[in-house]
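1. turn this into a model:
(2 chains)
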Amino acid sequence: MSPTTTEEFALPERALENFGAAVRAAIEEYGRVTSADVPIEAPRRPEFGDFATSAAFGLAKIVKKSPPEVAAHLVQLLQKSGVLRHELFAAIEPAGGFINVRLAPRCWQNSVARILREGKEFGRCGPSGKRISLEFGSANPTGPLVVVQGRTLSIGQTLANAMQARGHFVFTEWIINDEGAQMETLARSLYARYRQATNPSYPLPEGGYPGEYLIPIARAIRDADGERWESAPESEWLPHFMKFGRDRIVAEQEATAKRFGVHYDHWQSEKELHESGRVKADLERLRERGYTYEQEGALWFKATRFGDDKDRVLVRSDGRTTYYGADVAYHYEKLQRSDYTIDILGPDHHGYIGRIRGVADALGHKDQLDVLISQQITLMRGREQVSMSKRAGNIVTLDEIIDEVGVDAARFFFVMLAPDQPLKFDLELAKEQSNNNPVFYVQYGHARIASVFKNAAASDVDDAARGATLEKLEHPAELALARRLDEFPRVVAATVEQLAPQRLSHYAREVASDFHQFYTHCRILEQDRDTRLARLGLSIAAQQVLASVLGLIGVSAPTSM
RNA sequence: GCGCCUGUAGCUCAGCUGGAUAGAGCGCUGCCCUCCGAAGGCAGAGGUCGGGGGUUCGAAUCCCUUCGGGCGCGCCA
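-> Model prediction:
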């Protein structure tokens, strides 16, 4: 039996339900309307209380009085109401048409008790039964992951984490674009590097990949096969170099993702999609539905019927399927096996959205697909922009970024902005161990709490963790922090519903900020035992929420730094 | 030219899907450690929410228009 006695009816959301029902009853009595809408919102300014409703504005029209009058009258009805449980509310007052509500400290105390009881589970839901397919980061297996993909990976993994917390079944996947002309270019570039070991002037092919990352791979081939390929004809070495390079690069991409805290449930080879016959079968399905036609020897998808600006080729006139054709097949599969399918694409894939949406529409899954663009990154070093011209071969890899600023800073910065917002990423700032750096501000909050626990008596911390006593929480800073912590489940929900990972990083900062304010205004290790335990309890809850939100973002929560 | 994204404080950005006097960080000015981590806190200055129309009791948010910025418009991926 836990000594924590959370009064379920006195949790903030229960109090709000009670309030909403009471307002609804009052409106029906006053305006003779049924099933009134009672929107509840969180006011920006603290003096307006914890919550407010604008319900009086709607009723004002019906009863033909001014909103302030209506609000005042509603409050009178509420005071007399038999529906309202008065002990849950510290204040209910009309203000310019709004009705502001301040909950009794007891509600917030109960919320803290619940967080202490639920611990890591606070903010998580049981299984929703919803299956979500989330594809992000997919790339050509022709080189290492670069910075902009790091952002896509951060966004994708953070969303996946948040969805899991909401109880959804999330399936993360990556497509390996190992089919197409770029694979031959890879093989030829790799071969050139192989030849350069004995002949430094051997030229890279026209339009080849100039990056030095191919050199060690070429060396690996030489270590295994010696000079065997030096005099072989292209028809012999090409398939080998293609497969060797592809396998090696995919393995490196996966290693980088893993190092970055990003896990994929499935790596899908595009080549395999073709070889298994799935592409063919799914294209046939489109044809049967009459969404394709042949012209000039090629097979076209009637994309314009679904809002795209031109029709698109699925199968080229030489019989080879386009990337798009394969993707049609893959999306059909994903839409079949999930309730909701999400693609996160790089900034250079704007033009692809309409096409992929068109396919979902044609296959009868129009509202089941969301396509998100992870916008570009401009790397900064202080005021200086870091050049990342791919043409010149000076790419900046994700590994280099991790080496320089660490996983924590990169993961946090990459989700600070809305995905469709271009991001300026300042390497100097990300490395800075100061309050200029938002990652450190949040982590510092977590570490600072840990430090307080070290100074406290162990038995006090244990008692506080059981929620021994929380009645002393009443200082505005204490209640503000408790109120903030109570938001966590709703923040996770909003993150998922709006596909907005930046909500989590903003929220993390707000929790840290509210904790720091509480810390300076209220001494935690007070003489008075009840006060001390209450504040320790609040601190434990705050630390838990900080750890949880940082965990969703993929950032560590240090106990000292 | 067409399509998508975007324009909010000197800078970087929030703004919870239409609510109250538009917020935060950095930078700037001035304060707060005999006391749990000052990597912190408090106060102040700083805004025609690109411009113009419209819808609404109410608009940064929705609609139209206009100007500026980014990206995309292959039988490439």
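2. tell me the domain boundaries of chain A?
-> Per automatic domain parsing, the structural domains of chain A span A:8-103, A:181-259, A:435-553.
3. check the ones you listed for me and report the most buried one.
-> Counting by mean count of other C-beta atoms under 10 Å, domain A:435-553 has the highest mean neighbour count of these, with a mean of 20. Backbone N, C-alpha and C define where each C-beta goes, glycine included.
4. adding mean pLDDT and distance to A:Met380, write the domains of chain A out as TSV.
-> Output for those, formatted as TSV (pLDDT from 0 to 100; distance: least, C-beta to C-beta, whole Å):
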stretch	mean pLDDT	distance to A:Met380
domain A:8-103	90	32
domain A:181-259	94	22
domain A:435-553	94	14
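5. now the closest residue to A:Glu294 other than its chain neighbours: which helix or strand?
-> Nearest residue to A:Glu294, sequence neighbours excluded (C-beta to C-beta, 6 or more residues apart in numbering): A:Trp300, at 7.2 Å. When secondary structure is defined by DSSP states H and E, A:Trp300 falls within strand A:298-301.
6. not counting its own residues, what contacts that strand?
-> Strand A:298-301 has contacts (C-beta atoms under 8 Å, 6 or more residues apart in numbering) with A:283, A:286-287, A:291-294, A:311-317, A:324-325, A:328, A:355, A:358-359, A:362.
7. over to stretch A:89-96?
-> The list of residues contacting stretch A:89-96 from outside it, by C-beta under 8 Å, 6+ apart, reads A:15, A:19, A:48-49, A:52, A:56, A:67-68, A:71-72, A:74-75, A:78-79, A:99-105.
8. roughly how far does the residue in the stretch 251-400 of chain A positioned nearest to RNA strand B sit from A:Asp370?
-> Sorted by distance to RNA strand B under C-beta to the nearest atom of the strand, the residues of the stretch 251-400 of chain A start with A:Gly351, at 2.3 Å. With distances defined as C-beta to C-beta, to the nearest Å, the gap from A:Gly351 to A:Asp370 amounts to 17 Å.
9. likewise A:Cys107?
-> 36 Å.
10. so those two - more neighbours on which side?
-> Between A:Cys107 and A:Asp370, A:Cys107 has the larger neighbour count (other C-beta atoms under 10 Å), namely 27 against 15.
11. after the helix or strand containing the more buried one comes which helix or strand?
-> When elements are assigned from DSSP H and E, A:Cys107 belongs to helix A:105-118. Note on helix A:105-118: by DSSP H and E, the next helix or strand toward the C-terminus is strand A:131-136.
12. give the pairing partners of that following strand; include direction for each.
-> Under the criterion DSSP bridges, strand A:131-136 sits next to strand A:169-176 (parallel), strand A:340-345 (parallel) in its sheet.
13. dump those to a markdown table, plus distance to RNA strand B.
-> Listed next are the strands paired with strand A:131-136 as a markdown table, based on distance: least, C-beta to the nearest atom of the strand, whole Å:
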| stretch | distance to RNA strand B |
| --- | --- |
| strand A:169-176 | 8 |
| strand A:340-345 | 8 |
